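> below is the structure, and that's it, no one-letter string:
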């Protein structure tokens, strides 16, 4: 158990809908990362938040948005869902190291199925 | 651009065999970080090891060992005396220098099947 929690574990929804994925980082971790794992593209970085501020964006669609709240939990919002958004969504957290990069610890993931 | 290549898509071994998973990376950063993660059938991603580019010392931890070769841009992972519980997908990942370049760039993974 990494200490990172994600809810829900599974989500089944229809095209055009909107969903919210939630992530609680390990105690003391200030950074939250979101990744998408799909069969055709593998693991892709979506977005990084540090202490409530967005730090880096990857291949995140405009239909997707995220935020990190004052209690450090994060939410990933996916809207106007398409079949191709079906994937496993991971959240990772870390304690940032000022000098070196940090090691990211992953939650169990949320499996999203869009029908 | 940064890139990670895991040429082995699937490997199948018999229990107690040694197995090496290959990873080749590309980066223009002078300081970078390499990782191995394991994804068992249950789906979670489990951190195994991290190496810093400025530390080329290789390491052994129990049945696991890592071989980091900067000259060939490789970061290979070996499991000695494999066990059925080692069956999983193994991912090699690369991260840039600190600052705002902490995202992980992933290889496509190597699926390891250890058969009894």
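Structure's in. What do you need? Since we're looking at a predicted model, the values are computed, not measured.
> show me where chain B dips below the pLDDT cut-off.
In the prediction, chain B carries residues with pLDDT under 70 at positions B:98-100.
> does the helix or strand containing residue A:21 come close to chain B?
Using DSSP states H and E, residue A:21 sits in strand A:19-24. No. For strand A:19-24, no contact with chain B is found by C-beta under 8 Å from any C-beta of the partner chain; the gap never falls below 13.4 Å. For glycine as for every other residue, the C-beta is placed from the backbone atoms N, C-alpha and C.
> ok, now stretch A:56-70?
Yes. Counting by C-beta under 8 Å from any C-beta, contacts between stretch A:56-70 and chain B involve A:56, A:58.
> so where do the strands sit in the chain?
Using chain A. Here chain A has its strands, by DSSP state E, at A:5-7, A:10-13, A:19-24, A:31-38, A:42-50, A:53-57, A:64-68, A:74-78, A:87-94, A:105-106, A:110-114.
> the chain in question should be chain B.
Using DSSP E, strands in chain B cover B:3-5, B:10-14, B:19-21, B:24-26, B:33-39, B:46-52, B:59-61, B:64-69, B:74-79, B:88-95, B:104-106, B:110-115.
> residue A:1 is nearest to which of those?
Set against residue A:1 and scored by C-beta to C-beta, the strands of chain B come closest in strand B:46-52, at 10.1 Å.
> listing partners with orientation, what would you give for that closest one?
The pairing partners recorded for strand B:46-52 under DSSP bridges are strand B:33-39 (antiparallel).
> okay, now residue A:74: neighbour count?
23 (other C-beta atoms under 10 Å in any protein chain shown).
> might one say that it is in contact with residue A:48?
No. The pair residue A:74 / residue A:48 is not scored as a contact, 10.0 Å apart, by C-beta atoms under 8 Å.
> list the contacts for residue B:104?
Shown in contact with residue B:104 (C-beta atoms under 8 Å, 6 or more residues apart in numbering or on different chains): A:33, A:35, A:43, A:45, A:104, B:35, B:93-95.
> repeat that for 7 Å
Residue B:104 sits next to A:45, A:104, B:35, B:93, B:95 when contact means C-beta atoms under 7 Å, 6 or more residues apart in numbering or on different chains.
> what is the nearest of the residues you listed to residue A:85?
Nearest member of the contacts of residue B:104 to residue A:85, counting by C-beta to C-beta, is residue A:45, at 16.1 Å.
> please report how far residue A:5 lies from chain B.
Distance, residue A:5 to chain B, using C-beta to the nearest C-beta, to the nearest Å: 12 Å.
> can you get me a residue count around the nearest residue to that residue once chain neighbours are set aside?
Computed as C-beta to C-beta, 6 or more residues apart in numbering or on different chains, the closest residue to residue A:5 that is not its neighbour in sequence is residue A:24, at 4.5 Å. By the criterion of other C-beta under 10 Å, residue A:24 has 19 neighbours.
> could you do the one 3 residues further on as well?
Under the neighbour criterion other C-beta under 10 Å, residue A:27 is assigned a count of 8.
> around chain B, which positions in chain A sit nearby?
A:33, A:42-43, A:45, A:48, A:55-56, A:58, A:88, A:90, A:97, A:99-106, A:108-109 (C-beta under 7 Å from any C-beta of the partner chain).
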